[in-house]
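Asks: 3D, please:
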Amino acid sequence: MKGVTMAKQIIYNAGIYVRISQEDMKAGESQSIENQKLILTKYVKEQGWNLVDTYVDDGWSGTDFDRPAVQRLLFDAQSRKINLIIRKDLSCFGRNYIEVGRYVDYIFPSYNIRFISLNDNVDTASKDTSALDMMPIVNLFNEWHAASTSKKIKAVIEANAKAGKYRTTCAPFDYTKGDDPNHLPVIDPDAAPIVHNIFEMWASGINPHHIADKLNEDGVPIPSDYYYAKLGKPNPRRTRHMWSPETVRQILHNYTYFGHLVQLRTRTVSYQNHKVIKNDEEDIIVVKNTHEAIVSQELWDRVREMEQSVSQGKRKRNSSGYVANLSGLIYCQDCGKKVRLAWNNTTNGSKKKLRKYICHNYNCTSYMKFGKLYCPSHYIKMQDMDAIVLEVIRSLAQLVVEDEEKAKAEFLARKAKHNEAVLRGHQEVRRRQMPLAGAYP
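Replies: The predicted model follows:
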């Protein structure tokens, strides 16, 4: 008939998207991946559309769109591979009010992509449905639900941490997760001597680099290799299978080996931003004496003492790369601050033949920063200080030659006095920290 035009038949190539989060799994079979697939696949066949692909995000939160399957879905839509996206409901597509609205209202229409949310009765091809008008409210409610759920989960995690419930995928090296209700760490007798030996080596003055070298020479498996070997599986992580100083340091600072649980060290920025950041010290949960320790109090204190002495005695290079013999080892007798290396550019000789050289010296850091009102000057030339130290060494050596037993007794007496002072300091620190729930032992 003249004057009559036939509407162009659109061929729909559909992509169905299914998602389930860890929280949704608790809802049972109705929210399962397989159930969502069954419902959506049946609907596509009933409408006579082509099912191009199924996009599955299993165990992913809907608070952002940084999900592998949803990213693949959006890429296929923009590349015209599909022109129809079907979801069971809006919350499964996403729980971010702004992002869901941006895709449904702006991005999908610009690519002529039809969007259907089955349970919400949303179909962007049906402009006269009231469901489209309600969609912003539904999206807003979904985001509120995500925020509320996030707060509840964090509250439960914090309560469990305070109750001494161990929340971890796998226990630290030399421990296994227990079968008790709190899943507290249980010592692995096959590996426990390794950690104890690491602490003993550091307490005796062997630095983390040499400890790592020793472990590699002895063929000791790294923690991840040991963990997966116990499971009878190859290590899936990308690693050189070699001990590193950093791995050694992590063990030396892990309070689990001391018998305490230190949890909630980190947190995410928000339920929308999953970036992990360190918690403030007052937010860290410490529960003491929860399980059997591998490291004793005495060994732990020796390690901390060695760590402090190494930190205090760390020798630093100046701007020219020079390191003085006594750098980092001299302290002011008045204010207790470190004595710093300095230098003067000195000119000597005749006018025709000038000789320039650098004169190194030591002085109190406080005096150099704030002047004599804070601390008096303790200027001394480097060669004079070296001469004084050398003379002390010679006198001590002579004492050993003349009376070795007396020299040994004096040394042990000074060492015992020093250790006693250090121990009193540690006890005072622990005494002050005991009332603080978030303080380290």
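Asks: From now on I want contacts and neighbour counts done on CA atoms only, so please keep to that.
Replies: Noted.
Asks: Could you list the low-pLDDT ranges of the stretch 51-200 of the chain?
Replies: 62, 94-98, 127-153 (pLDDT under 70).
Asks: what about 50?
Replies: For the stretch 51-200 of the chain, no stretch has pLDDT under 50.
Asks: mind listing the strands for it?
Replies: Secondary structure of the stretch 51-200 of the chain (DSSP state E, counting those that start in this stretch): strands located at 84-87, 114-117, 122-123, 175-177, 185-187.
Asks: and the ones you listed as CSV, adding distance to His360?
Replies: Below are the strands of the stretch 51-200 of the chain laid out as CSV (distance: least, Cα to Cα, whole Å):
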stretch, distance to His360
strand 84-87, 75
strand 114-117, 76
strand 122-123, 80
strand 175-177, 52
strand 185-187, 54
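Asks: mind putting those strands in JSON lines, mean neighbour count and distance to Leu74 included?
Replies: Formatted as JSON lines, the strands of the stretch 51-200 of the chain follow (neighbours: other Cα atoms under 10 Å; distance: least, Cα to Cα, whole Å):
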{"stretch": "strand 84-87", "mean neighbour count": "23", "distance to Leu74": "9"}
{"stretch": "strand 114-117", "mean neighbour count": "21", "distance to Leu74": "12"}
{"stretch": "strand 122-123", "mean neighbour count": "20", "distance to Leu74": "18"}
{"stretch": "strand 175-177", "mean neighbour count": "19", "distance to Leu74": "41"}
{"stretch": "strand 185-187", "mean neighbour count": "21", "distance to Leu74": "44"}
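Asks: Touching, Leu73 and Tyr55? I think so.
Replies: Yes. Checked against Cα atoms under 8 Å, the pair Leu73 and Tyr55 is within contact range at 6.6 Å.
Asks: hang on, the earlier thing: nearest to Glu410, of the strands of the stretch 51-200 of the chain?
Replies: Among the strands of the stretch 51-200 of the chain, the nearest to Glu410 by Cα to Cα is strand 185-187 (41.8 Å).
Asks: what's the closest one packed up against?
Replies: Other elements packing on strand 185-187 under the criterion 3 or more Cα pairs under 8 Å, 6 or more residues apart in numbering; DSSP states H and E are strand 175-177.
Asks: next one: the strand it packs on to chain centre, how far?
Replies: Computed by Cα atoms, centre = their mean, to the nearest Å, the chain-centroid distance of strand 175-177 equals 20 Å.
Asks: quick one on the thing from earlier: looking at the strands of the stretch 51-200 of the chain, which is closest to Ile211?
Replies: strand 175-177 (20.3 Å).
Asks: Could you pull out the residues contacting both of Leu73 and Tyr55?
Replies: Gly15, Tyr17 (Cα atoms under 8 Å, 6 or more residues apart in numbering).
Asks: The two: which is more packed in?
Replies: Leu73 (22 against 17; other Cα atoms under 10 Å).
Asks: Let me see the ranges of the strands in the stretch 301-441 of the chain.
Replies: Listed in chain order, the strands of the stretch 301-441 of the chain (DSSP E, counting those that start in this stretch) span 339-349, 354-364, 380-381.
Asks: Flag every buried residue along stretch 167-175.
Replies: Arg167, Ala171, Pro172, Phe173, Asp174, Tyr175 (16 or more other Cα atoms under 10 Å).
Asks: can I assume the second one is in contact with Lys177?
Replies: Yes. The pair Ala171 and Lys177 passes the contact test of Cα under 8 Å, sitting 5.6 Å apart.
Asks: joint contacts of these two?
Replies: Contacts common to Ala171 and Lys177, judged by Cα under 8 Å, 6+ apart, are Pro185.
Asks: separation between the nearest residue to Pro181 once chain neighbours are set aside and Gln263?
Replies: Spatial nearest neighbour of Pro181, chain neighbours left out: Lys165 (7.8 Å); criterion: Cα to Cα, 6 or more residues apart in numbering. In this view, Lys165 and Gln263 are 10 Å apart by Cα to Cα, to the nearest Å.
Asks: and what of Arg80?
Replies: 48 Å.
Asks: Of the two, which one has the most company?
Replies: Per other Cα under 10 Å, whichever of Arg80 and Gln263 has more neighbours is Gln263, with 22 against 14.
Asks: need the helices for the stretch 51-200 of the chain, in chain order.
Replies: 68-78, 90-93, 97-102, 108-110, 130-162, 192-203 (DSSP state H, counting those that start in this stretch).
Asks: which other helices and strands contact the last one?
Replies: In other words, helix 192-203. helix 208-217, helix 245-252, helix 297-312.
Asks: Give me the contact list for the next helix-or-strand element following the second one.
Replies: For helix 245-252, the succeeding helix or strand toward the C-terminus, using DSSP states H and E, is strand 261-263. With contact meaning Cα under 8 Å, 6+ apart, strand 261-263 is reached by 161, 164, 166, 255-256, 284-290, 440.
Asks: and those, which two are the farthest apart?
Replies: Tyr166 and Tyr440 (17.0 Å).
Asks: Please say which of the two ends up with more neighbours.
Replies: Set Tyr166 next to Tyr440 and count neighbours by other Cα under 10 Å: Tyr166 wins out with 22 against 18.
Asks: Quick one: residues contacting that one.
Replies: Residues near Tyr166 by Cα under 8 Å, 6+ apart: Asn160, Asn182, His183, Leu184, Pro185, Leu261.
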